[in-house]
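Peer 1: pasted the sequence and its predicted model underneath.
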Amino acid sequence: MPLIGWAGVENGELLERAQNLFDIFITMDSKMVRELNIQGSKLVVIVLKAPSNMLSDTFPLMPKVLAQLRIAKAGTVIFISA
């Protein structure tokens, strides 16, 4: 997938852009979801809690992410940790 040029976009605008293109938004920024109102959004926001954003730390969380994708509803925030 090519880069979409959103580097440096602030959280509110980032979520606004994302909900126009995607159904799911995965982040490690738990501060973002506390600052923004996700309810009423078209997005499901999944917050990963891992030691780092390295694949070796986030990959083990993917089975839980996949399980949530089946039942998650737009406008919700889901926290996933090991």
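Peer 2: The structure has been received and is ready for your questions.
Peer 1: now do the helices in this protein.
Peer 2: 11-21, 30-35, 55-58, 62-69 (DSSP state H).
Peer 1: return the member of those helices having the minimum mean pLDDT.
Peer 2: Out of the helices of the chain, helix 30-35 stands lowest, with a mean of 85 (criterion: mean pLDDT).
Peer 1: wait, which of the helices of the chain is closest to V44?
Peer 2: helix 62-69 (7.8 Å; Cβ to Cβ). Where you see a C-beta, it was placed from the backbone N, CA and C, and this is true even at glycine.
Peer 1: just to revisit the earlier point, adding distance to L48 and mean neighbour count, write the helices of the chain out as CSV.
Peer 2: CSV is the format used below for those (distance: least, Cβ to Cβ, whole Å; neighbours: other Cβ atoms under 10 Å):
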stretch, distance to L48, mean neighbour count
helix 11-21, 16, 14
helix 30-35, 9, 14
helix 55-58, 6, 13
helix 62-69, 8, 13
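Peer 1: turn those into a markdown table, including distance to I78.
Peer 2: Listed next are the helices of the chain as a markdown table, based on distance: least, Cβ to Cβ, whole Å:
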| stretch | distance to I78 |
| --- | --- |
| helix 11-21 | 15 |
| helix 30-35 | 10 |
| helix 55-58 | 15 |
| helix 62-69 | 5 |
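Peer 1: out of these, which comes closest to I46?
Peer 2: helix 62-69 (6.0 Å).
Peer 1: just checking, what packs against that closest one?
Peer 2: Under the contact criterion of 3 or more Cβ pairs under 8 Å, 6 or more residues apart in numbering; DSSP states H and E, helix 62-69 touches strand 44-49, strand 77-81.
Peer 1: show me the contact partners of the longest one.
Peer 2: The set of residues external to strand 44-49 that reach it, using Cβ atoms under 8 Å, 6 or more residues apart in numbering, is 15, 23-30, 33, 38, 58, 61, 65, 68-69, 72-82.
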